[in-house]
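In: quick check, what structure comes out for this input:
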Amino acid sequence: MRIFTWHIHGSYLYYLSQGDYQIFIPVKEEKTEGYYGRGRTFPFGSNVIEIPADEAQNYAFDCILFQTNKNFLVDQFEILSEAQRDLPKIYLEHDPPYQHPTDSKHIVDDPNMVLVHVTHFNKLMWNNNRTPTTVIEHGVIMPEVCYTGELDKGIVVINNLPSRGRLLGFDIFKQVKEHIPVDLAGMGTGEWGLGEVLHPQLPAFESRYRFFFNPIRYTSLGLAVCEAMMMGMPVIGLATTELSTVIDNGYSGFIHTDIDILMDKMRMLLRDKSIARDIGANGREVAMERFNIKRFVRDWEALFMAVTGKEIYTTATI
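Out: Residues are numbered from 1 along each chain as shown. This is a model prediction of the structure:
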């Protein structure tokens with residue numbers, strides 16, 4: 001199958017590209033949003049194919065995959081032909097609603113499309129209109145490195161955290177940092193962070209830290225959380241959004257809405273490396289089952305087959 005989409009979230013695109021299909025992404029010289037091409041960060045395989053945006057109309061595709069409002073409202077009309085816009089279409093929604101948590105209507109309202117959410121929480125919160133809707137949970141590749149936890153510190157991995165404010169928990173990070181040794185990695189972290197660590201180098205970099213801290217109040221389940229769990233790293237975070245269904249509190253990680261309680265758990269892991277190792281090992285088992293990359297690509301392959309008429313899709317949520 002030949003899938004056309006835009007390069008929006010590099011790590012998600014990388015995991016999506018593990019499936020048995022070709023992914024065509026448009027590229028422009030100015031490298032504006034969605035038109036970056038393959039880039040140099042991710043080790044994409046040969047099935048991720050760059051095409052000039054102004055030549056996209058000359059290619060044959062089986063399905064169009066939207067990932068942002070701009071893709072849906074603007075980009076498709078600028079670079080795709082009318083015939084291509086009539087192809088089977090999927091909208092991949094990466095986030096929960098931000099305008100209003102329960103009453104926001106999704107931009108897509110089309111019984112002939114499919115709306116894919118990455119978490120059940122997101123699907124629950126959006127008003128999905130008439131659009132057939134399903135959930136494909138994250139899938140991540142098992143890293144080649146394992147958790148060691150020799151550093152008596154925690155690590156937060158969020159791009160542009162200072163500018164993203166309370167939503168992503170910048171105030172919580174600062175509060176915790178006053179009491180607990182915790183580092184911040186990511187693009188745009190300024191004086192508060194260590195800067196960007198490229199995705200291929202991230203597992204080896206963060207595996208040395210004692211725990212992974214997720215201060216985010218309200219957003220989708222981050223791939224960084226899934227990746228940390230997959231390497232056997234204990235995760236501490238807020239008991240909000242989808243994370244509350246991922247962590248079995250006290251067994252595979254620690255979640256709470258009381259920051260003081262979370263800091264007590266951090267101190268415990270800093271004091272006792274063996275507890276951190278056990279919690280991380282339990283989390284790894286959870287991640288191997290829930291975020292298995294083979295399950296992830298099977299789900300996407302089945303959906304692509306269904307919307308293109310190549311196979312009947314049996315998931316009851318559609």
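
In: okay, CA-based contacts and neighbour counts for the rest of this
Out: Noted.

In: could I get the buried residue list for stretch 218-225?
Out: 218-222, 224-225 (16 or more other C-alpha atoms under 10 Å).

In: Val297 reaches Tyr14, doesn't it?
Out: No: contact between Val297 and Tyr14 fails when scored by C-alpha atoms under 8 Å: they sit 11.3 Å apart.

In: so which of the buried residues of stretch 218-225 belong to helices?
Out: Secondary structure assignment (DSSP state H) places 224-225 from those within helices.

In: domain assignment for the chain?
Out: 2-139+293-307, 151-290 (automatic domain parsing).

In: and Gly165, helix, strand or coil?
Out: Under DSSP: H, G, I helix; E, B strand; the rest coil, Gly165 falls in the helix class.

In: isn't it up against Asp171?
Out: Yes: using C-alpha under 8 Å, Gly165 makes contact with Asp171 at a distance of 6.9 Å.

In: who's more crowded, those two?
Out: Asp171 (16 against 13; other C-alpha atoms under 10 Å).

In: please identify the buried residues of the helix or strand containing the more buried one?
Out: For Asp171, the host element (DSSP states H and E) is helix 170-177. Neighbour-count burial for helix 170-177 flags 170-173, 176-177 (criterion: 16+ other C-alpha under 10 Å).

In: can you tell me the SS state at the closest residue to Gly190 other than its chain neighbours?
Out: Leaving aside its chain neighbours, Gly190 sits nearest to Pro162 (7.8 Å; criterion: C-alpha to C-alpha, 6 or more residues apart in numbering). When classified by three-state DSSP, Pro162 comes out as helix.

In: OK, contacts around Pro162?
Out: Counting by C-alpha atoms under 8 Å, 6 or more residues apart in numbering, Pro162 makes contact with 170, 188-190, 192.

In: all helices for the protein, in order.
Out: Under DSSP H, the chain gives helices at 10-16, 69-70, 76-79, 82-85, 120-125, 161-164, 170-177, 202-206, 223-230, 243-246, 259-271, 273-290, 293-307.

In: any idea which of these gets closest to Ala60?
Out: Ala60 lies closest, by C-alpha to C-alpha, to one member of the helices of the chain: helix 82-85, at 8.0 Å.

In: go through that closest one and flag the buried ones.
Out: Gln84.

In: ok, residues contacting it?
Out: 57, 60-61, 64, 76.

In: and stretch 66-73, by the same measure?
Out: With contact meaning C-alpha under 8 Å, 6+ apart, stretch 66-73 is reached by 5-6, 8, 89-94, 107.

In: please indicate which of those residues are buried?
Out: 5-6, 8, 89-94.

In: and which of these is nearest to Ala302?
Out: Nearest member of those to Ala302, counting by C-alpha to C-alpha, is Ile90, at 12.9 Å.

In: look at the closest one and report its pLDDT.
Out: In this model, Ile90 is scored at 98, pLDDT.

In: could you do Lys310 as well?
Out: 75.

In: now the buried residues of helix 170-177 as TSV including distance to Thr68 and pLDDT?
Out: Output for these, formatted as TSV (distance: C-alpha to C-alpha, whole Å; pLDDT from 0 to 100):
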residue	distance to Thr68	pLDDT
Phe170	25	97
Asp171	28	98
Ile172	28	98
Phe173	28	98
Val176	33	98
Lys177	34	98
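
In: format the residues you listed as JSON lines; extra columns: distance to Glu82.
Out: Formatted as JSON lines, the buried residues of helix 170-177 follow (distance: C-alpha to C-alpha, whole Å):
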{"residue": "Phe170", "distance to Glu82": "44"}
{"residue": "Asp171", "distance to Glu82": "47"}
{"residue": "Ile172", "distance to Glu82": "48"}
{"residue": "Phe173", "distance to Glu82": "48"}
{"residue": "Val176", "distance to Glu82": "53"}
{"residue": "Lys177", "distance to Glu82": "53"}
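
In: tell me the centre residue of the protein?
Out: By C-alpha atoms, centre = their mean, the chain has its centre lying nearest to Leu223, at 4.0 Å.

In: OK, contacts around that residue?
Out: Leu223 touches 11-12, 138, 140, counting by C-alpha under 8 Å, 6+ apart.

In: that one and Glu137: what is the separation?
Out: Per C-alpha to C-alpha, to the nearest Å, Leu223 is found 10 Å from Glu137.

In: quick one: low-confidence parts of the chain?
Out: 311-318 (pLDDT under 70).

In: how about a cut-off of 90?
Out: In the predicted model of the chain, residues 190, 310-318 satisfy pLDDT under 90.

In: what about Pro26, distance to Gly45?
Out: 16 Å.

In: more crowded one of those two?
Out: Set Pro26 next to Gly45 and count neighbours by other C-alpha under 10 Å: Pro26 wins out with 23 against 12.
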